[in-house]
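>>> I'd like to go over a predicted model; first the sequence, then the structure.
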Amino acid sequence: MQNNWSDKHTAEYATSDWIDKPSIFAETAISYFPEKGKILDLGAGQGQDSRFFAEHGYAVTSTDLEQSALDLSKSKLPHELADKVDLRQVDLRERLPFADAMFDVVYAHLSFHYFSEEVTKQLLAEVKRVLRPGGMLAFLVNTALDPEADMGIEIEPNYRQIGQTAKRFFTIEMTKEYTMGFVAKVLDNQGETYKDRAKGVHNLIRFIGTKSE
């Protein structure tokens, strides 16, 4: 999977007109965040949302599995934001390398939907661990209404191998189950990305909620 993502970051995404713009979801989610604090951006890619949050005064730990994405993110980081964004290589299939209750916000834009049921539950448990009580989780994930949801080979329910990539397709009910222990502020299928607009997909799953005390 790493080589596949490296190719996307260095070739396919490099020429996209949206790659340096904050995502639609980031511009929505930030209105729910505390006025200041530490944000953990999981699967940040080339870091456009991380930079957006840093520009608004947050201290951001910006992570990705793929080193080529982190290198691109570093190259795009303005000097004035260098002390506000900490770039880290992190594999979301493993225990997160951060202390308990370390972050005020955990944010994930299209990075939670690549894993088995077991790993997804493990990842959400890790998110709870690193969030302070009352901290906020915000993520955008694939929808079961996506045109790809019936493509490829089924690995397990709602999880399919499509080409080189395994993808999970979420429903609102499934998201409720995964986010037990959080109080939802937003949970709907009204999410959009610039990339998916071209495919006619306007119903990604959005979750924004606070960790129970």
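Thanks, I have the structure now.
>>> average model confidence for stretch 160-179?
Averaging pLDDT along stretch 160-179 yields 96.
>>> Stretch 189-197 too?
Here the average pLDDT along stretch 189-197 is 87.
>>> which residues touch that stretch?
Stretch 189-197 has contacts (Cβ atoms under 8 Å, 6 or more residues apart in numbering) with 16-18, 21, 23-25, 110, 140, 143, 145, 172, 201-206. Glycine gets a C-beta too; all of them are placed from N, C-alpha and C.
>>> Tell me which residues of that stretch come out buried.
Asn189, Gly191, Glu192, Thr193, Asp196 (16 or more other Cβ atoms under 10 Å).
>>> Just give me the closest of these to Gln161.
For Gln161, the nearest member of the buried residues of stretch 189-197 is Asp196. The distance, counting by Cβ to Cβ, is 20.0 Å.
>>> mind checking the SS state of that closest one?
helix (DSSP: H, G, I helix; E, B strand; the rest coil).
>>> ok, so what distance separates it from Ser23?
As judged by Cβ to Cβ, to the nearest Å, Asp196 and Ser23 stand 11 Å apart.
>>> ok, now Gln122?
Counting by Cβ to Cβ, the gap from Gln122 to Ser23 is 25 Å.
>>> Between these two, tell me which one has more neighbours.
Between Gln122 and Ser23, Ser23 has the larger neighbour count (other Cβ atoms under 10 Å), namely 21 against 16.
>>> Please produce JSON lines containing the buried residues of stretch 189-197, extended by distance to Gln67.
Formatted as JSON lines, the buried residues of stretch 189-197 follow (distance: Cβ to Cβ, whole Å):
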{"residue": "Asn189", "distance to Gln67": "33"}
{"residue": "Gly191", "distance to Gln67": "28"}
{"residue": "Glu192", "distance to Gln67": "29"}
{"residue": "Thr193", "distance to Gln67": "24"}
{"residue": "Asp196", "distance to Gln67": "26"}
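>>> Grab the two from those residues that are most spread out in space.
Asn189 and Thr193, at 13.4 Å, using Cβ to Cβ across the buried residues of stretch 189-197.
>>> Does the helix or strand hosting Ser62 pack against any helices or strands, and if so which?
Using DSSP states H and E, Ser62 sits in strand 59-64. Helices and strands touching strand 59-64, by 3 or more Cβ pairs under 8 Å, 6 or more residues apart in numbering; DSSP states H and E, are strand 38-41, helix 48-55, helix 67-75, strand 85-89.
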